[in-house]
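Undergrad: any chance you could fold what I've pasted below:
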Amino acid sequence: MSGLDRLTLGQRGRVRVVSGTDAVSVRLLEMGVTPGVELKLVGKAPWGDPLEFELRGYRLSLRRSEAARVDIEPIE
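TA: Sure, this is the predicted structure:
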């Protein structure tokens with residue numbers, strides 16, 4: 001498995017699982033980052049943090065550490 005933080009600009013991935021049971025993991029699920037959802041990395045800050053993703057018709061910015069909690073399978 002690979003973390004969401006490992007996508008390259010323009011690459012897509014499908015969520016497998018969100019790791020953890022703390023407030024951050026729950027918040028990711030509440031924001032729509034759920035198993036089966038496709039995401040695309042559309043932007044990065046100059047130093048690589050935060051990352052901007054497109055999913056479910058909106059854009060979501062996540063810290064790299066938050067994105068690492070999301071295991072994905074890359075979509076070619």
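
Undergrad: which ones are touching Glu38?
TA: By CB atoms under 8 Å, 6 or more residues apart in numbering, the contact list for Glu38 reads 12-15, 55, 75. For every residue, glycine as well, the C-beta is placed using N, CA and C.

Undergrad: direction included, what does the helix or strand where Lys40 lies pair up with?
TA: Using DSSP states H and E, Lys40 sits within strand 38-44. Here strand 38-44 is paired, per DSSP bridges, with strand 12-18 (antiparallel), strand 51-55 (antiparallel).

Undergrad: what's the mean pLDDT across the first one?
TA: Right, strand 12-18. Average pLDDT, strand 12-18: 94.

Undergrad: check which residues of that strand are buried.
TA: The neighbour-count check on strand 12-18 (16 or more other CB atoms under 10 Å) flags 12-13, 15, 18 as buried.

Undergrad: wait, which of the residues you listed is closest to Gly32?
TA: The closest of the buried residues of strand 12-18 to Gly32 turns out to be Val15 (CB to CB; 9.6 Å).

Undergrad: from Leu28, how far out is the closest one?
TA: Separation of Val15 from Leu28 (CB to CB, to the nearest Å): 9 Å.

Undergrad: mind listing the helices for the chain?
TA: Taking DSSP state H as the criterion, the chain carries its helices at 23-30, 64-67.

Undergrad: farthest residue from the center of the protein?
TA: Pro46 (18.0 Å; CA atoms, centre = their mean).

Undergrad: still on that earlier bit, just put the strands paired with strand 38-44 in TSV and tack on distance to Val33.
TA: Converted to TSV, the strands paired with strand 38-44 look like this (distance: least, CB to CB, whole Å):
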stretch	distance to Val33
strand 12-18	6
strand 51-55	7
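
Undergrad: out of the helices and strands in the chain, which is least certain?
TA: Least confident helix or strand of the chain, by mean pLDDT, DSSP states H and E, is strand 2-3 with a mean of 87.

Undergrad: now do Leu7: how many residues are near it, please.
TA: Leu7 has 21 neighbouring residues, counting by other CB atoms under 10 Å.

Undergrad: how about the contacts made by it?
TA: If you count contacts by CB under 8 Å, 6+ apart, then Leu7 has 13, 39, 41, 51, 72, 74 around it.
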